[in-house]
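Asks: Predicted model and sequence follow; I will ask about them next.
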Amino acid sequence: MESPEALRDRLLARFPGASLELVANGSPSGQVSFRIDPAFLREVARFLRDDPELALDQCSNVTGLDSPDREVVETVKESQPGAPGGPPVVTERKQTRIAPGHLEVIYHLYSVARRHGPVILRARTGNRTDAVSLPSLTPVWRSCEFQEREVFDLYGVVFEGHPDLRRILMWDAFTGHPMRKDYVEPDDYEWEPTPHGDVLAKARRHYPSAAAPGAAQPSP
(Lines give C-alpha, C1' and ligand atoms only; values in the text may rest on other atoms or scores of the structure.)
Protein backbone atom coordinates (compact mmCIF):
# COMPACT_ATOMS: atom_id res chain seq x y z
CA MET A 1 0.00 0.00 0.00
CA GLU A 2 1.19 3.55 -0.71
CA SER A 3 2.80 5.66 1.99
CA PRO A 4 0.64 7.95 4.18
CA GLU A 5 2.17 10.99 2.47
CA ALA A 6 1.35 9.65 -0.99
CA LEU A 7 -2.20 8.81 0.07
CA ARG A 8 -2.62 12.28 1.57
CA ASP A 9 -1.51 13.88 -1.69
CA ARG A 10 -3.88 11.66 -3.68
CA LEU A 11 -6.80 12.54 -1.42
CA LEU A 12 -6.06 16.26 -1.64
CA ALA A 13 -5.93 15.99 -5.44
CA ARG A 14 -9.24 14.12 -5.46
CA PHE A 15 -10.88 16.48 -2.91
CA PRO A 16 -9.17 19.85 -3.42
CA GLY A 17 -11.48 21.71 -1.03
CA ALA A 18 -10.93 19.35 1.89
CA SER A 19 -8.86 20.08 4.96
CA LEU A 20 -6.68 17.04 5.59
CA GLU A 21 -3.64 16.60 7.79
CA LEU A 22 -1.41 13.73 8.86
CA VAL A 23 -1.34 13.04 12.60
CA ALA A 24 1.81 11.33 13.86
CA ASN A 25 1.69 8.59 16.48
CA GLY A 26 4.57 8.32 18.91
CA SER A 27 3.62 4.84 20.11
CA PRO A 28 5.57 1.73 19.04
CA SER A 29 2.97 1.07 16.34
CA GLY A 30 3.80 4.38 14.69
CA GLN A 31 0.46 4.36 12.88
CA VAL A 32 -0.15 7.68 11.13
CA SER A 33 -3.75 8.85 10.92
CA PHE A 34 -5.61 11.28 8.68
CA ARG A 35 -7.62 14.09 10.28
CA ILE A 36 -10.31 15.09 7.80
CA ASP A 37 -12.72 17.98 7.49
CA PRO A 38 -16.10 16.54 8.59
CA ALA A 39 -17.77 18.07 5.54
CA PHE A 40 -15.75 15.66 3.36
CA LEU A 41 -15.64 12.69 5.72
CA ARG A 42 -18.24 10.52 4.02
CA GLU A 43 -17.02 11.33 0.51
CA VAL A 44 -13.45 10.42 1.48
CA ALA A 45 -14.69 7.24 3.15
CA ARG A 46 -16.51 6.11 0.01
CA PHE A 47 -13.42 6.85 -2.07
CA LEU A 48 -11.24 4.75 0.26
CA ARG A 49 -13.73 1.90 0.05
CA ASP A 50 -14.27 2.00 -3.72
CA ASP A 51 -10.79 2.86 -4.98
CA PRO A 52 -9.49 -0.38 -6.58
CA GLU A 53 -5.95 0.11 -5.26
CA LEU A 54 -7.07 0.67 -1.69
CA ALA A 55 -10.32 -1.35 -1.48
CA LEU A 56 -10.73 -0.58 2.23
CA ASP A 57 -13.77 -2.77 2.61
CA GLN A 58 -13.77 -3.23 6.40
CA CYS A 59 -14.08 -0.80 9.30
CA SER A 60 -12.83 -2.79 12.26
CA ASN A 61 -12.97 -0.23 15.02
CA VAL A 62 -14.65 3.10 15.86
CA THR A 63 -13.28 4.98 18.87
CA GLY A 64 -14.21 8.19 20.66
CA LEU A 65 -11.92 10.79 22.19
CA ASP A 66 -12.75 13.71 24.48
CA SER A 67 -10.58 16.84 24.63
CA PRO A 68 -12.01 19.36 27.14
CA ASP A 69 -11.33 23.08 27.07
CA ARG A 70 -7.79 23.79 28.23
CA GLU A 71 -5.78 26.79 29.30
CA VAL A 72 -2.87 27.66 27.02
CA VAL A 73 -0.03 29.93 28.10
CA GLU A 74 1.57 31.88 25.28
CA THR A 75 4.58 34.17 25.12
CA VAL A 76 3.87 37.50 23.44
CA LYS A 77 6.75 39.69 22.26
CA GLU A 78 6.25 43.44 22.16
CA SER A 79 8.58 45.93 20.53
CA GLN A 80 8.96 49.53 21.71
CA PRO A 81 11.25 52.31 20.48
CA GLY A 82 14.60 52.32 22.19
CA ALA A 83 17.06 55.12 22.76
CA PRO A 84 17.48 57.59 19.89
CA GLY A 85 19.46 55.87 17.18
CA GLY A 86 19.40 52.57 19.07
CA PRO A 87 17.60 49.31 18.42
CA PRO A 88 14.03 48.79 19.58
CA VAL A 89 13.43 47.29 22.99
CA VAL A 90 11.75 43.91 22.87
CA THR A 91 9.89 42.68 25.92
CA GLU A 92 8.06 39.45 26.55
CA ARG A 93 4.97 38.77 28.56
CA LYS A 94 2.87 35.72 29.23
CA GLN A 95 -0.80 35.60 28.38
CA THR A 96 -3.34 32.84 28.74
CA ARG A 97 -6.20 31.85 26.53
CA ILE A 98 -8.75 29.06 26.56
CA ALA A 99 -8.40 26.58 23.71
CA PRO A 100 -11.90 25.26 23.02
CA GLY A 101 -12.44 21.55 23.44
CA HIS A 102 -13.87 19.05 20.99
CA LEU A 103 -14.88 15.44 20.57
CA GLU A 104 -13.13 13.24 18.05
CA VAL A 105 -14.00 9.98 16.34
CA ILE A 106 -11.37 7.59 14.97
CA TYR A 107 -12.02 4.87 12.38
CA HIS A 108 -9.62 1.99 11.64
CA LEU A 109 -9.97 0.70 8.08
CA TYR A 110 -8.61 -2.47 6.49
CA SER A 111 -8.80 -4.18 3.14
CA VAL A 112 -9.75 -7.84 3.31
CA ALA A 113 -9.50 -8.07 -0.47
CA ARG A 114 -6.03 -6.49 -0.65
CA ARG A 115 -4.78 -7.70 2.76
CA HIS A 116 -3.48 -4.34 3.91
CA GLY A 117 -4.19 -1.62 6.45
CA PRO A 118 -4.92 0.04 8.67
CA VAL A 119 -5.80 3.44 7.28
CA ILE A 120 -6.98 5.57 10.19
CA LEU A 121 -9.47 8.40 9.76
CA ARG A 122 -10.16 11.07 12.38
CA ALA A 123 -12.82 13.79 12.50
CA ARG A 124 -13.52 16.44 15.14
CA THR A 125 -16.71 18.09 16.27
CA GLY A 126 -16.99 21.86 16.48
CA ASN A 127 -17.09 21.80 20.28
CA ARG A 128 -18.38 19.71 23.20
CA THR A 129 -21.73 21.44 23.70
CA ASP A 130 -23.92 22.47 20.78
CA ALA A 131 -21.79 21.44 17.78
CA VAL A 132 -21.26 17.74 18.39
CA SER A 133 -22.49 16.30 15.08
CA LEU A 134 -20.47 14.30 12.56
CA PRO A 135 -21.55 12.37 9.46
CA SER A 136 -22.25 8.72 10.15
CA LEU A 137 -20.11 6.26 8.21
CA THR A 138 -22.61 3.45 8.71
CA PRO A 139 -23.91 4.03 5.14
CA VAL A 140 -20.36 3.29 3.96
CA TRP A 141 -19.41 0.44 6.32
CA ARG A 142 -22.28 -1.35 8.08
CA SER A 143 -19.87 -2.46 10.82
CA CYS A 144 -19.89 1.14 12.10
CA GLU A 145 -23.52 0.93 13.24
CA PHE A 146 -23.16 -0.44 16.78
CA GLN A 147 -19.77 1.19 17.33
CA GLU A 148 -21.08 4.66 16.45
CA ARG A 149 -23.95 4.03 18.84
CA GLU A 150 -21.39 3.30 21.55
CA VAL A 151 -19.53 6.56 20.83
CA PHE A 152 -22.86 8.40 20.88
CA ASP A 153 -23.77 6.79 24.19
CA LEU A 154 -20.46 7.27 26.00
CA TYR A 155 -19.19 10.52 24.46
CA GLY A 156 -22.26 12.29 23.07
CA VAL A 157 -21.27 12.52 19.40
CA VAL A 158 -24.40 12.78 17.24
CA PHE A 159 -23.94 10.85 13.97
CA GLU A 160 -25.99 12.41 11.21
CA GLY A 161 -27.48 9.82 8.86
CA HIS A 162 -27.15 6.93 11.31
CA PRO A 163 -30.05 4.49 10.80
CA ASP A 164 -30.73 3.79 14.50
CA LEU A 165 -28.91 6.22 16.78
CA ARG A 166 -29.78 5.41 20.40
CA ARG A 167 -27.98 4.33 23.54
CA ILE A 168 -26.44 0.88 23.48
CA LEU A 169 -24.78 0.46 26.91
CA MET A 170 -26.55 2.90 29.22
CA TRP A 171 -30.30 2.96 29.72
CA ASP A 172 -32.49 5.52 27.97
CA ALA A 173 -33.05 7.66 31.08
CA PHE A 174 -29.33 7.86 31.89
CA THR A 175 -28.00 11.41 32.09
CA GLY A 176 -24.64 12.39 30.63
CA HIS A 177 -21.86 10.55 28.82
CA PRO A 178 -19.63 8.55 31.17
CA MET A 179 -16.48 8.52 29.01
CA ARG A 180 -16.17 12.30 28.95
CA LYS A 181 -13.26 13.52 31.04
CA ASP A 182 -15.41 15.92 33.04
CA TYR A 183 -18.11 13.35 33.81
CA VAL A 184 -18.85 13.21 37.53
CA GLU A 185 -19.86 9.82 38.82
CA PRO A 186 -22.98 10.03 40.99
CA ASP A 187 -22.83 8.59 44.47
CA ASP A 188 -26.49 7.56 44.46
CA TYR A 189 -26.49 3.81 43.92
CA GLU A 190 -29.99 3.12 45.20
CA TRP A 191 -30.76 1.28 41.97
CA GLU A 192 -27.96 -1.27 42.61
CA PRO A 193 -29.72 -4.44 43.85
CA THR A 194 -26.58 -6.03 45.39
CA PRO A 195 -24.13 -3.23 46.24
CA HIS A 196 -20.71 -4.24 47.51
CA GLY A 197 -17.29 -2.74 48.06
CA ASP A 198 -16.99 0.95 47.22
CA VAL A 199 -20.50 0.95 45.74
CA LEU A 200 -21.93 -0.24 49.06
CA ALA A 201 -20.17 2.57 50.92
CA LYS A 202 -21.71 5.15 48.56
CA ALA A 203 -25.14 3.52 48.54
CA ARG A 204 -25.41 3.53 52.34
CA ARG A 205 -25.58 7.33 52.31
CA HIS A 206 -28.89 7.10 50.48
CA TYR A 207 -30.57 4.19 52.27
CA PRO A 208 -32.71 4.61 55.38
CA SER A 209 -30.50 3.25 58.16
CA ALA A 210 -32.82 0.33 58.87
CA ALA A 211 -32.92 -0.70 55.21
CA ALA A 212 -29.23 -0.32 54.43
CA PRO A 213 -27.60 -3.58 53.36
CA GLY A 214 -25.54 -4.94 56.21
CA ALA A 215 -27.18 -2.67 58.78
CA ALA A 216 -27.73 -4.16 62.19
CA GLN A 217 -31.31 -5.26 62.66
CA PRO A 218 -33.15 -4.64 65.92
CA SER A 219 -33.49 -7.59 68.27
CA PRO A 220 -36.95 -9.17 68.36
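Replies: Structure received.

Asks: ok, which stretches of this structure are strands?
Replies: With DSSP state E, the ranges of strands along the chain come out as 20-23, 33-36, 58-67, 70-80, 89-99, 102-111, 116-124, 133-135, 158-160.

Asks: pLDDT averaged over the first one - what is it?
Replies: For strand 20-23, the mean per-residue pLDDT is 94.

Asks: how much space is there between the closest residue to residue 19 other than its chain neighbours and residue 125?
Replies: Excluding the flanking residues, the one nearest residue 19 by Cβ to Cβ, 6 or more residues apart in numbering is residue 37, at 4.0 Å. Any C-beta I mention is one placed from the backbone N, CA and C, and that applies to glycine too. Remark: distance between residue 37 and residue 125 (Cβ to Cβ, to the nearest Å) = 12 Å.

Asks: Look at those two and report which has more neighbours.
Replies: residue 125 (22 against 16; other Cβ atoms under 10 Å).

Asks: quick one: that one from residue 19, how far?
Replies: For residue 125, the distance to residue 19 - Cβ to Cβ - is 14 Å.

Asks: and if you look at residue 10?
Replies: Applying Cβ to Cβ to residue 10 and residue 19 gives a distance of 16 Å.

Asks: which one of the two has more residues nearby?
Replies: Neighbour totals were compared for residue 10 and residue 19, and residue 10 leads with 15 against 12 (other Cβ under 10 Å).

Asks: pretty sure the more buried one contacts residue 2?
Replies: Yes - assessed by Cβ atoms under 8 Å, residue 10 is found in contact with residue 2 at 7.4 Å.

Asks: so what's in contact with these two at the same time?
Replies: Here residue 10 and residue 2 have no joint contacts, going by Cβ atoms under 8 Å, 6 or more residues apart in numbering.
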